[in-house]
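>>> need coordinates for the following:
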Amino acid sequence: MHWILGIALAATVFVILKQWGGLSAEKKKAATWKLVFVAGGLFLLVMVLTGRVHVLTAGIAALIPLLRKLPELARFFPALNRLFSGKDNAGPAGGAESGQPQGTGMTEREACEILGVTEDCTKEDVVLAHRRLIQKLHPDRGGSDYLAAKINEAKSVLLHSRA
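Residues are numbered from 1 along each chain as shown. This next block holds a predicted model:
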């Protein structure tokens, strides 16, 4: 039985080394990292199965490689995005010079499209359109935080321009 495992291991090493020789330097680096993570994961699995490492410790250790992906995931969560980018929208450079409220990148046209009003609408039209939409899409009523924030931002932009 041992000689069968030995032959299988030797054949596997041969195939891996043959594939390794055909890789570019960049792909070798990526393959090395994958190999390190797979070997570490297998080692961790063996340690858990033999009772030498607690399952919670193993779970935490398994999440460590995912921390590399955290900055990529931050773009889906605005609060995390501000944390990683170091930008703060509350600074004084946001609105007085640009003619828009601080921290907004929304134009009047986009705001009108979001609220469903025309560009020559009145303040009352903006308030009514905002109220109608926010009642439907408020997070407390099953809507999303993102949509509510966009609706509020659109109202802010339009009311600021009508002042």
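>>> any regions of the chain where pLDDT drops low?
Residues of the chain that meet the criterion pLDDT under 70 lie in 73-104, 163.
>>> which one's the longest helix in this structure?
Determined from DSSP state H, the single longest helix within the chain is helix 25-49.
>>> report the distance from that one to the chain centre.
Relative to its chain's centre, helix 25-49 lies at 25 Å (Cα atoms, centre = their mean, to the nearest Å).
>>> how about residues contacting it?
20, 23, 53, 54, 55, 58, 61, 62, 65 (Cβ atoms under 8 Å, 6 or more residues apart in numbering). (Glycine included, C-beta is placed from N, CA and C.)
>>> distance of the second one relative to residue 11?
Read it as residue 23. The gap separating residue 23 from residue 11 is 20 Å, by Cβ to Cβ, to the nearest Å.
>>> give the helix, strand or coil label for the residue lying closest to residue 125 once chain neighbours are set aside.
Nearest non-adjacent residue to residue 125, counting by Cβ to Cβ, 6 or more residues apart in numbering: residue 117, 5.2 Å away. What DSSP: H, G, I helix; E, B strand; the rest coil gives for residue 117 is coil.
>>> got the contact list for residue 56?
Neighbour list for residue 56: empty [criterion: Cβ under 8 Å, 6+ apart].
>>> report the buried members of the contacts of helix 25-49.
If you count burial by 16 or more other Cβ atoms under 10 Å, the buried members of the contacts of helix 25-49 come out as 53, 58.
>>> select from the contacts of helix 25-49 every entry located in helices.
Per DSSP H, the contacts of helix 25-49 map to helices at 20, 55, 58, 61, 62.
>>> for the residues you listed, work out which two are farthest apart.
The most widely separated members of the ones in helices among the contacts of helix 25-49, counting by Cβ to Cβ, are 20 and 55 (34.1 Å).
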